[in-house]
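>>> Provided below are the primary sequence and the corresponding predicted coordinates.
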Amino acid sequence: MKQQNIKPDITNTRFFGSLMAGLLLFLVVLSSCAVQKADSAGMINGVNIPETSFLESYKGHFTGFVLEKDRRPDEKEKLELYQKTWTDITIHIILKEYFNKYNIKVTQSEVLDTLMTNIPASITKAPVFQTNGEFDKALYLKTLTSESNNTLDWLKGYYYEYYIPLAKLKTELQTREIISRQELTNLYNILNTEADIDWVVFDPRQTKVEISQAEIENYYHANSAKYAVSRYAGFGWVTIPVISTQADVGEAKAKADSIYYELGRGKSFASMVETFSAAPSAGKGGALGFVRYDELTPTLKTALEGIGTGNYTRPQKIDNYWVIYQLAERTKNMVKLNELAIAIAPGTASKTRIKDTAIHLRDLSLQLGLQTAAEEMDLAYNKTGKVTADSVWLQDADVCAYLIDRAYAQTKGAVLEPVYSQTMRAWIVAQVIELQPLERKPLVEVNDDIAAWLKSERQKSQTLDLASSWVAANITNLRQAAIRDGLEIVSTGNLNYDGEVKSIPVSSFFSDVISRYQNKKDQTVISAGDFVFYPLVTKTSKLSNPIIGQQEARNFYYNSIEPDWFNKWLDQRIKEARIKIWYDYSLNVR
């Protein structure tokens, strides 16, 4: 195959957080080789990229695009997805190289400890871990530490493969590569300096600006997320169970008998389970696994005695089901069983009869309120507290979602029409007792705040420009010019990193001011707090007792001077990567 000239797009790797959160669709089969292999899509830093692995990753990106945009990508977007796929693969290879370089290892106990003490926000909002509308930490921890429940295996895998190794890699890079010893020493010395500084003060509040209503409205619509509020409702609710009648029991029995008859005629047990079974085991083909003889009910023991492996029991009534068991395997003390359960569900007549009661309760609630009406009819009344669209506060998540969706279209105090839950086999009557249906604060509520903020920002911006022009015009005699123009000058003697000017901490700009002075560079105008400053440094000296340690200086560098250091480091590694692409984009992925 001919080597292609298409290189990964390295102009923007700020997507890295979302790429990591998605666990990297590409899991490369590592194999080092100096030449092209058969069925190879390319090679990165000597690592062969199998064509099948590349296509799997590309298809993952393609599918993600379709799901997000609800359409197929056009030709330009397909090329971008192709380039992004190679960029993601390159990042994967680079990270694995550096994990190996610094011998970064992770244990399963580290994964569990991390996930137990720092629970991801997405998990706290997941419906599966909600109980009565609140995050159930005990349920989460039980699921996390369970050896048999694989619900969180994907999360543990992500933390094991990437999240924790990445955190360790960042620590190694900060210690070994990003900032040199000399740079760290210079920064340490600057942060442990004191100085005499006069500050020329420009007050933005004296700058006259105008803000139009159109600007306020444009800002409100463009920044709607700032004014987002949590939608929620609170319910009072009553459950009215529907009890199955003998007719309902007989109807379910007839259905189970019909299925038993079809099984006898050779129908597949697995296919019948998939079509008809209402048991939780249906998702596993009805498999119950091995069960000890002494744990079986006497009735089931008797039923199993007369059948051979692969055959079935006649339908047996167990709780609210008619159950057919298949004997899959028999040992000395155990049997392996599969089950097919037909639910005994209330029929139309049963549901209609109880619906009349639910309607009567609702009508009475319109006059008295649901709580009083429930007391009058001797029914149990419950309250939810605040719940959202993701909250599951009944045993039927679909009914919960339906009720809160209805509530958002109502007013506080509304009594909703009765709704039937197939899962709970009951009618639910609910009243809205708390309600916040808006997705963001109305403009009238935030109009003045937006106007004040826009005015302040424009004043600061214009004052910064005016101050810069003033400095340029008076650079040869700034102190006298400030006195001439009536500008405020604030003197701070022996000022250090922990100091203040006009009650504003100088920690965010102190190092730059001192560095410029010591390197004989012009100072810059500084916007901080409610003011704009220009520093006039007259003297600096080393503190006799340092206030900043070496590690604090290192942290200051990464947090303040170069907060985007990791993305920049990664961009550089991608630029330096040895990338060969043989996969023919024009023929295969378009």
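Ah, there it is.
>>> got the phi/psi numbers for the residue nearest to the spatial centre of the chain?
Central residue of the chain (CA atoms, centre = their mean): S122, 4.2 Å from the mean position. With angles defined as degrees, to the nearest 10, S122 sits at phi -60, psi -30.
>>> begin at 27, not 1, for the rest of this chat.
Renumbered: residue one is now 27, and that last one reads S148.
>>> next, count neighbours for E101.
For E101, the count of nearby residues is 8 (other CB atoms under 10 Å). Where C-beta positions appear, they are placed from N, C-alpha and C, glycine not excepted.
>>> which residues in the stretch 377-526 of the chain form strands?
408-413, 445-447, 452-462, 514-521, 526-527 (DSSP state E, counting those that start in this stretch).
>>> kindly report the same for the stretch 177-326 of the chain.
Going by DSSP E, counting those that start in this stretch, the stretch 177-326 of the chain shows strands at 219-228, 258-267, 313-318.
>>> tell me which of those sits nearest to T357.
strand 313-318 (7.5 Å; CB to CB).
>>> ok, V413 - how many residues close by?
Neighbour count for V413, taken as other CB under 10 Å: 23.
>>> so it sits right up against G159, yeah?
Yes - under the criterion of CB atoms under 8 Å, V413 makes contact with G159 at 3.9 Å.
>>> which residues do the two both contact?
Common neighbours of V413 and G159, counting by CB atoms under 8 Å, 6 or more residues apart in numbering, are W419.
>>> per-residue confidence for the residue nearest to the centre of the chain?
If you check S148, the pLDDT there is 82.
>>> repeat that for G43.
As predicted, G43 sits at a pLDDT of 41.
>>> also the one 3 residues further on?
Among the per-residue scores, M46 holds a pLDDT of 40.
>>> for the one 4 residues further on, same thing?
pLDDT, L50: 43.
>>> so for A400, which of the strands of the stretch 177-326 of the chain sits nearest?
Here strand 258-267 is closest among these (CB to CB), at 5.0 Å.
>>> on that earlier part again, quick check: which of the strands of the stretch 377-526 of the chain is nearest to F557?
strand 526-527 (8.3 Å).
>>> pretty sure G373 contacts Q272?
No - contact between G373 and Q272 fails when scored by CB under 8 Å: they sit 10.8 Å apart.
>>> nearest to N364, of the strands of the stretch 377-526 of the chain?
Of those, nearest to N364 by CB to CB is strand 445-447, at 28.5 Å.
>>> contact partners for N473?
242, 246.
>>> what of P463?
P463 neighbours (CB under 8 Å, 6+ apart): 257, 259, 433-435.
>>> residues near V418, how many?
V418, neighbours per other CB under 10 Å, totals 19.
>>> would you confirm that it contacts D162?
No - at 10.0 Å, V418 does not count as touching D162 under the criterion of CB under 8 Å.
>>> what residues do these two have in common as contacts?
Common neighbours of V418 and D162 (criterion: CB under 8 Å, 6+ apart): Q156.
>>> so Y611 sits against E106, correct?
No - checked against CB under 8 Å, the pair Y611 and E106 is beyond contact range at 11.6 Å.
>>> tell me who's in contact with the residue nearest to S447 when sequence neighbours are not counted.
Counting by CB to CB, 6 or more residues apart in numbering, S447 lies nearest to D422, which is 4.3 Å off, once chain neighbours are set aside. Contact analysis of D422 by CB under 8 Å, 6+ apart lists 447-450.
>>> can you flag which of the residues you listed belong to helices?
Among the contacts of D422, none falls in helices (DSSP state H).
>>> top of those by neighbour count?
Greatest neighbour count in the contacts of D422, by other CB under 10 Å, goes to S447: 19 neighbours.
>>> that one and I380: what is the separation?
As judged by CB to CB, to the nearest Å, S447 and I380 stand 12 Å apart.
>>> go on, H247?
Taken as CB to CB, the span from H247 to I380 is 48 Å.
>>> of the two, who's got more company?
Between H247 and I380, counted using other CB under 10 Å, the more crowded position is I380 (19 against 10).
>>> surely that one and V268 touch.
Yes - taking CB under 8 Å as the definition, I380 is a contact partner of V268 at 4.6 Å.
>>> overlap in contacts of the two?
Contact with both I380 and V268 is made by residues 372, 453, according to CB under 8 Å, 6+ apart.
>>> spatially nearest residue to L195, not counting backbone neighbours?
Leaving aside its chain neighbours, L195 sits nearest to Y124 (5.6 Å; criterion: CB to CB, 6+ apart).
>>> before we move on, what about I120?
Closest to I120 by CB to CB, 6+ apart is R599, at 4.9 Å.
>>> host element of the one you found?
Assigned by DSSP states H and E, R599 belongs to helix 591-602.
>>> now the next helix or strand along the chain from that helix: average pLDDT?
Going down the chain from helix 591-602, the next helix or strand is strand 605-607, by DSSP H and E. The average pLDDT within strand 605-607 is 91.
>>> show me what strand 605-607 is packed up against.
Using 3 or more CB pairs under 8 Å, 6 or more residues apart in numbering; DSSP states H and E as the contact definition, the elements that strand 605-607 packs against are strand 66-70, helix 101-127.
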